[in-house]
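Asks: Structure for this input, please:
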Amino acid sequence: MIQIEDATGFGYRAKVNNQNRLLVQAETITKDQDINERSGKVWSIPFENISPTGANDYIFYIKNTGDALIEISDFRISSETAATQLVIVGVSGTASGGTDVTPVSRTVGSSAAASVVAQIGSDITGLSSTGTIFYMQCSTVGQEYRLSTSSKILIPKGKAIGIYAETATASLTGVVSIYEDI
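Replies: Coordinates of the predicted model:
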């Protein structure tokens, strides 16, 4: 009879069920939680009361300026006007007209800085869409909407994404969550 024993010297044996499957116990955590615990390289980019000046004006921009892959884990956005549709797109060009923002570390006191350029504003210009990634509909006033996908949005070195509002009547508040793949 072959037995599987632990390697700690206690002599514990592995347990198998009646279907000959090894019984194990495991803890799972999300990738961004693991990265935050190991390196502190998870950040939030918040914005408040951004009102586009016209239809299809960009209100958010982020570009990866480092060597590591930047991943977006989720978007949380609310609108003070109903029926606001946001479009998340890949972009090219040089963003201007927005306010530069520094991502906030999700590890309080961490000195890890995100290798990105980020802007928020009511009319960020100089950008051209390279393709729609997602639509995000904010249909109820004041309700937070969350866009999260298991495949994440990946931003390689030198690439960027933007968010624009299809209408000019929105007053948008939210946060974009990013992390650096290590």
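
Asks: Could you pull up the contacting residues of residue 85?
Replies: By C-beta atoms under 8 Å, 6 or more residues apart in numbering, the residues touching residue 85 are 135, 136, 137, 138, 165, 166, 167. (Glycine included, C-beta is placed from N, CA and C.)

Asks: measure residue 62 to residue 35 for me?
Replies: 17 Å (C-beta to C-beta, to the nearest Å).

Asks: Just the mean pLDDT for stretch 116-131, thanks.
Replies: Taken as a whole, stretch 116-131 has a mean pLDDT of 98.

Asks: Identify the residues contacting it?
Replies: Contacts of stretch 116-131 (C-beta under 8 Å, 6+ apart): 45, 47, 50-54, 57-66, 70, 89-103, 155, 160, 162, 178.

Asks: List the ones among these that fall in strands.
Replies: If you go by DSSP state E, these have 45, 47, 50, 57-64, 70, 89-96, 99-101, 155, 160, 162, 178 in strands.

Asks: Just the buried subset of those, written out for ChimeraX, thanks.
Replies: To isolate the buried subset of the ones in strands among the contacts of stretch 116-131 in ChimeraX, counting by 16 or more other C-beta atoms under 10 Å, use the following:
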select :45,47,50,57,58,59,60,61,62,63,64,70,89,90,91,95,101,155,160,162,178
